[in-house]
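What follows is a predicted structure for the sequence shown.
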There are 2 protein chains.
Amino acid sequence: MPKLRRVTLTDVARRAGVSVTTASYILNGRSAQMRISKDTDIKVREAMRELQYQPNWSARTLRRKSTQTIGLVSDFIAGGAFSSELLTGANAAARQRDHLLVIGESQGDPELEQLLVEELLSRQVDGIVYATRTAREVEVPDRLREVRTVLLNCADARGDLPAVLPDDVQAGRTAAEILIRSGRDGTIQVVGEDPTPSATAGPQRMTGIHEAMHAAGRVLGPTVACEWDVVPAREAMLGWLATHEAPAGLICLNDRVALGTYQALQQHGYAVPHDVSVVSFDGSEAAAWLQPEVTSLRLPLLEMGERAIDLLLGGGRVKDMLRLPLTVHQGGSVA
Amino acid sequence: MPKLRRVTLTDVARRAGVSVTTASYILNGRSAQMRISKDTDIKVREAMRELQYQPNWSARTLRRKSTQTIGLVSDFIAGGAFSSELLTGANAAARQRDHLLVIGESQGDPELEQLLVEELLSRQVDGIVYATRTAREVEVPDRLREVRTVLLNCADARGDLPAVLPDDVQAGRTAAEILIRSGRDGTIQVVGEDPTPSATAGPQRMTGIHEAMHAAGRVLGPTVACEWDVVPAREAMLGWLATHEAPAGLICLNDRVALGTYQALQQHGYAVPHDVSVVSFDGSEAAAWLQPEVTSLRLPLLEMGERAIDLLLGGGRVKDMLRLPLTVHQGGSVA
DNA sequence: GTACTGTGCTGATTCGATTCAGCATGTGGT
DNA sequence: ACCACATGCTGAATCGAATCAGCACAGTAC
């Protein structure tokens, strides 16, 4: 296989019998503006096709200063299918605007994060999306304040950078309302409140829950605290049930907590939804695995990814903060 | 905010009182080879630091012809946390070799896939990793045969391209052996065989299972067929148990199938592992959610991602086909 | 015939780093 | 005093496209 020299614009120009300048104008669709005749335009385009010309991307960006590339830095890109859905959304939106995504994963290491940001910037990405696996407040590397940046699934501690987040307060309200409206009168309790939350999802969902309860003139039962995962939730719930009756309604602060809760309820012989109604958050795959499927408030992850890119490229103004609603994913877990 | 001109190598050189050439040599760590004095070296490095110099990446690659960038095309990057772990591995390995990953997700659309490949190539990526969510044989876009390409989690139908895959045959063998060695004598059955597999994982795991059974002089019981997901597995298994006793050992072809199987067993009052021993494949998060945790053969996804990059950059030869072993993730599901 | 306007194109420079070929200077040998 | 050789550095060309300033020519206006 003879390693041919790449075809350059000069080759195209020579072949079409015009100057490189002319070829360049045509390449960039400025023929009208530059008063290039129809004939020449066609000739050059043909030459490009014949030679299979591909513009050299480095040369182009060296002059243009725009790389048609967006950097995405995240703490974890693999995280229970979560952040990868953010990625999918962002990627699709980027493509629609003729951009590609370059990704960096910091594994939660601030030093690596700093390094990745520098590296992305040195590649002159057109902007950076700074994403986190779990919704929280973040202190971003200073450099990000000097360039186009949008936060995804997190908020700037200083409140300066535009951000896209799920509307967890609203979701909390909705979750509680679902149970309230189900008509049962018994106690409603929450499973999963974290005593020392670094994430914002928990507290915000709690706020919403309290609001809805208050509005309905009802009082929330005691909360069962645990880490947001299956095993901790199961154990916490088993602990609770060892000394208490199950309440009429349970709000699990995410789907993994719901999974553990289901297991505990089952061990104690309670049936969902007959004995206990359950609602949950996230709307992950796991929600559909339960029997009966748990009614869960689905995070609009795909859409969040998309909107972040839109903000970034569409000129989101500083301090824009987009809160996207969670949607109800109906299961059979509410009586 | 005064928009300052970017710091270039010329600025650094001027500040250090040397030529751009010298600065460039130092930047590229060739001081020794180029006989640059210790003093000068230090002076220039200091200037770089003081000015916060960042090499312009486009300019650099324009000359060097290497973009230090790898393209990754995948059908689905978000897929049950799976492929995103491949991504994490690939990303980490790329970083270690001073490369970044540009990603493209085709959503399974061959036309989009073609387009993405072209786009990545026009950006002169140093190579392309072609990944799939589920292990299978693929027909790749022709252009990939002309450039450095490594397949990840899939195999070239023509057998020409280097590939990294899980060793599912070996895993099948191991899974069966675990049950055989557990000492129980009853029947062993498989759950999840797909009648029309597009993926290779199923058939290969079956091959391994048959091999091990045969070697042990035992015969596999009838297979319960179903799609590889929780609900289909649950229903298939419920169907089976409606008319049969549960076997002594069950091999679930993946963790989601195991989840559904557990549910069915439980409904029929069988206890794991007391009545039935269960082994499974994938070693996903879901395996750890079961009670008791299911013993599962873990896909080395992270490592696969890493090895793909290593092959790509380290000069994997055509026809290299790396089969990485699955490791046993011990649960409590085997008596 | 001169002035003016519009049309269609091009030469030369630029972006920022890499790299080849070479130029001073010093040092040692004879 | 002359050559050989090492040391330490630099000027200028180069990568491929984008772009500014301007040139030649044709047509119209007076």
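Structure's in. What do you need? Residues are numbered from 1 along each chain as shown, chains lettered A, B, ... in the order given.

Surely residue A:31 is in contact with residue A:25?
Yes - using C-beta atoms under 8 Å, residue A:31 is in contact with residue A:25, at 6.2 Å. C-beta coordinates here come from the backbone N, C-alpha and C atoms, glycine included.

And for residue A:256, the neighbour number?
Applying other C-beta atoms under 10 Å in any protein chain shown, we find 25 residues neighbouring residue A:256.

Flag the shaky bits of chain A, pLDDT-wise.
A:1-5, A:78-83, A:195-196, A:315-319 (pLDDT under 70).

Which strands and helices lie in contact with the longest strand along chain A?
Ranked by residue count and defined by DSSP state E, the top strand of chain A is strand A:127-138. In terms of contacts (3 or more C-beta pairs under 8 Å, 6 or more residues apart in numbering or on different chains; DSSP states H and E), strand A:127-138 is packed against strand A:69-74, helix A:82-96, helix A:110-122, strand A:149-156, helix A:201-215, helix A:301-314.

And chain A, split by domain according to the record?
A:9-55, A:69-166+A:301-326, A:168-298 (automatic domain parsing).

May I see those organised as CSV, with distance to DNA strand D added?
Formatted as CSV, those follow (distance: least, C-beta to the nearest atom of the strand, whole Å):
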stretch, distance to DNA strand D
domain A:9-55, 3
domain A:69-166+A:301-326, 14
domain A:168-298, 43
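
okay, the ones you listed in CSV with distance to residue B:327 next?
Compiled in CSV, these are given as follows (distance: least, C-beta to C-beta, whole Å):
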stretch, distance to residue B:327
domain A:9-55, 43
domain A:69-166+A:301-326, 18
domain A:168-298, 21
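
To residue B:261, which of these lies closest?
Nearest to residue B:261, of all the domains of chain A, is domain A:168-298, at 12.1 Å by C-beta to C-beta.

Show me how far stretch A:269-286 is from its chain's centre.
Distance of stretch A:269-286 from the chain centroid (C-alpha atoms, centre = their mean, to the nearest Å) equals 25 Å.

Okay, buried residues for that stretch please.
Neighbour-count burial for stretch A:269-286, with 16 or more other C-beta atoms under 10 Å in any protein chain shown as criterion, is recorded at A:270, A:272-273, A:275-286.

Among those, which lie within strands?
Among the buried residues of stretch A:269-286, the members found in strands (DSSP E) are A:277-282.

Report the two of these separated the most.
A:277 and A:282 (17.7 Å).

Would you mind listing what in the stretch 1-150 of chain A touches chain B?
Residues of the stretch 1-150 of chain A lying near chain B by C-beta under 8 Å from any C-beta of the partner chain: A:54-59, A:61-62, A:67, A:69, A:76-81, A:83-85, A:87-88, A:91-92, A:95, A:100-105, A:107, A:118-124, A:146.

Give me the distance between the closest residue to residue A:176 other than its chain neighbours and residue A:188.
The spatially closest residue to residue A:176, leaving aside those adjacent along the chain, is residue A:212, at 3.6 Å (C-beta to C-beta, 6 or more residues apart in numbering or on different chains). To residue A:188, residue A:212 is 10 Å away according to C-beta to C-beta, to the nearest Å.

Buried subset of the residues of the stretch 1-150 of chain A next to chain B, written for ChimeraX?
In ChimeraX, this line selects whichever of these come out buried by 16+ other C-beta under 10 Å:
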select /A:55,56,57,58,61,62,67,69,76,77,78,79,80,81,83,84,85,87,88,91,92,95,100,101,102,103,104,105,119,120,121,123,124
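
Quick one: residues contacting the residue minimising distance to the centre of chain A.
In chain A, the centroid-proximal residue (C-alpha atoms, centre = their mean) is residue A:86; its distance is 3.2 Å. Neighbour list for residue A:86: A:74, A:131, A:152-153, A:301-302, A:304-305, A:308 [criterion: C-beta atoms under 8 Å, 6 or more residues apart in numbering or on different chains].

Pick the one among those closest to residue B:40.
The nearest member of these to residue B:40, counting by C-beta to C-beta, is residue A:74 at 40.7 Å.

That closest one - how many residues pack around it?
Counted by other C-beta under 10 Å, the residues lying close to residue A:74 total 28.

so it sits right up against residue A:138, yeah?
No - look at residue A:74 against residue A:138 with C-beta under 8 Å: they stay out of range, at 11.2 Å.

Give me the common contacts of these two.
The contact sets of residue A:74 and residue A:138 overlap at A:130, A:132 (C-beta under 8 Å, 6+ apart).

which of the buried residues of stretch A:269-286 sit farthest apart?
Spatial extent of the buried residues of stretch A:269-286 (C-beta to C-beta) is set by the pair A:275 and A:285 at 25.6 Å.

Residue A:190 belongs to a helix?
No - under the criterion used here (DSSP: H, G, I helix; E, B strand; the rest coil), residue A:190 is strand, not part of a helix.

and it, what are its bridge partners?
Beta-bridge partners of residue A:190, counted by DSSP bridges, are residue A:251.

Please work out how many residues are found near it.
The burial count for residue A:190: 26, using other C-beta under 10 Å.

follow-up on the earlier one: so which pair among the contacts of residue A:86 is furthest apart in space?
Spanning the widest gap among the contacts of residue A:86 are A:74 and A:302, at 15.5 Å by C-beta to C-beta.

near chain B, anything from stretch A:226-244?
Yes - for stretch A:226-244, a contact with chain B is found by C-beta under 8 Å from any C-beta, at A:230-231, A:234.

chain center to that stretch, what's the gap?
Distance, stretch centre to chain centre, for stretch A:226-244: 29 Å (C-alpha atoms, centre = their mean).

Which element, helix or strand, includes the closest residue to residue A:15 other than its chain neighbours?
Closest residue to residue A:15 apart from its sequence neighbours, by C-beta to C-beta, 6+ apart: residue A:47 at 4.3 Å. Assigned by DSSP states H and E, residue A:47 falls within helix A:38-51.

Residue A:290 against residue A:261, yeah?
No - here residue A:290 does not reach residue A:261: they are 9.6 Å apart, not a contact under C-beta under 8 Å.

Between the two, which has more neighbouring residues?
Using other C-beta under 10 Å as the criterion, residue A:290 and residue A:261 rank with residue A:261 on top: 32 against 24.

Surely the more buried one is within a strand?
No - assigned with three-state DSSP, residue A:261 falls outside any strand and is helix.
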